[in-house]
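> Below is the structure, and that's it, no one-letter string:
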């Protein structure tokens, strides 16, 4: 009986959040453990389907770094980095596109459909909703070519919104088309931030391999539960936020600049981390607000 009462209390707590977010848009960036760990992946997609079932408009943008590196290795292609950025030539792009579109994107769509919701893959081998331009690094006033690497300049909001209103979950791979119809490999965190900004989503959630931002990088007990944009910019400036966390945080800042109200960074390895962050009072990650 006590267990049943506890479950009822959780449902009551969630009710207010469900009422608040029904009909609202939540953009979720899936990567890291969310894609590499079968249990974490299953839990997160279950959370996504739950959110869709209660009327929340969920949009997924996914990455695929580890799977891409593995596929490149199997194809005998060396992973090249320039100033920390992956260099993408035509052969590399072909492998990246195959992994992102035919494997990861299809897997996410299939899992959503198995759990009873509708989903549609949006990418360069189907309906592409991301458009961009070549990105260059700059050093000492000179441009450094990264090959077929791009940054998002436009998002097809109309198609994404149409799918959401029909109850279909858009699943977007981080590949873009340029003005000439060419294909560009984009950073998944950055792409997700641009999608959230373009949609003016109510929430943007980055699913990571760490449980939010830490005041001390190697101390898991120093998680910061909430921070403002000003706090985050200060932590970037003083070196508290570096490495792999930096693009995730920058994606959150881009989303906030675009009109998103609340952004979150959570650990996808926690069971039902999405539901805990969105539908409970305490949350489990870091909330970043304007």
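Yep, it's here. Keep in mind the model is a prediction, meaning the values are calculated, not measured. Numbers count the residues shown, from 1 in each chain.
> immediately after the biggest strand by length in the chain, which helix or strand?
In terms of residue count, the longest strand belonging to the chain (DSSP state E) is strand 142-155. Moving toward the C-terminus from strand 142-155, the next helix or strand (DSSP states H and E) is helix 157-165.
> For that following helix, which outside residues touch it?
25, 57-59, 120, 122, 127, 129, 169-170, 172, 195, 198-199 (CB atoms under 8 Å, 6 or more residues apart in numbering). C-beta: built from backbone N, CA, C; applies to glycine.
> Of those, which belong to strands?
25, 57, 58, 59, 120, 122, 169, 170, 172.
> what about residue 240, how many residues close to it?
18 (other CB atoms under 10 Å).
> please renumber so the chain begins at 7
Noted, 7 is the first residue going forward, which turns the last one into residue 246.
> What values do phi and psi take at the closest residue to it other than its chain neighbours?
The shortest distance from residue 246 to any non-neighbouring residue, by CB to CB, 6 or more residues apart in numbering, is to residue 221 (6.8 Å). Backbone torsions for residue 221, taken as degrees, to the nearest 10, come to phi -70, psi -30.
> For residue 221, which residues are in contact?
By CB under 8 Å, 6+ apart, the contact set of residue 221 is 228, 229, 230, 246.
> any idea how far residue 8 is from the first one?
Separation of residue 228 from residue 8 (CB to CB, to the nearest Å): 34 Å.
> And those two? Which one has more around it.
Comparing residue 228 with residue 8 by other CB under 10 Å, the one with more neighbours is residue 228, at 13 against 6.
> so what's that one up against?
Residues near residue 228 by CB under 8 Å, 6+ apart: 220, 221, 222.
> Leaving out the residues flanking it, which one is nearest to residue 114?
Nearest non-adjacent residue to residue 114, counting by CB to CB, 6+ apart: residue 177, 5.0 Å away.
> ditto for residue 247
Closest residue in space to residue 247, ignoring its immediate chain neighbours: residue 241 at 4.6 Å, by CB to CB, 6+ apart.
> for residue 208, same thing?
residue 30 (4.1 Å).
> ranges for the helices of the stretch 57-206 of the chain?
Taking DSSP state H, counting those that start in this stretch to define them, one finds helices in the stretch 57-206 of the chain at 71-80, 96-103, 112-120, 163-171, 194-205.
> and residue 222, how many residues sit next to it?
So residue 222, with other CB under 10 Å, has 10 neighbours.
> Can you tell me how far residue 76 is from residue 213?
Taking CB to CB as the measure, residue 76 falls 20 Å from residue 213.
> Who has more neighbours out of these two?
For residue 76 versus residue 213, neighbours defined as other CB under 10 Å are more numerous around residue 213 (31 against 12).
> For the more buried one, which three-state class applies?
Using DSSP: H, G, I helix; E, B strand; the rest coil, the structure places residue 213 in strand.
> Quick check: which ranges of this protein have low pLDDT?
For the chain, applying pLDDT under 70 flags the ranges 90, 287-288.
> if you set the cut-off to 80 instead, what comes out?
Within the chain, the segments meeting pLDDT under 80 span 7-13, 15-20, 38-39, 71, 85, 87-92, 216-217, 223, 285-289.
> which ones are touching the residue nearest to residue 51 when sequence neighbours are not counted?
Nearest residue to residue 51, sequence neighbours excluded (CB to CB, 6+ apart): residue 117, at 4.6 Å. Listed by CB under 8 Å, 6+ apart, the contact set of residue 117 reads 47, 48, 51.
> who wins for most neighbours among those?
residue 51 (24 neighbours).
> What helix or strand is it located in?
With DSSP H and E as criterion, residue 51 is part of helix 44-59.
> Remind me what that helix packs against, helices and strands.
With contacts taken as 3 or more CB pairs under 8 Å, 6 or more residues apart in numbering; DSSP states H and E, helix 44-59 sits against strand 31-36, helix 39-42, strand 63-68, helix 112-120, helix 279-285.
> one more time with 6 Å, if that's ok
Packing contacts for helix 44-59, counted by 3 or more CB pairs under 6 Å, 6 or more residues apart in numbering; DSSP states H and E, involve helix 39-42, strand 63-68, helix 279-285.
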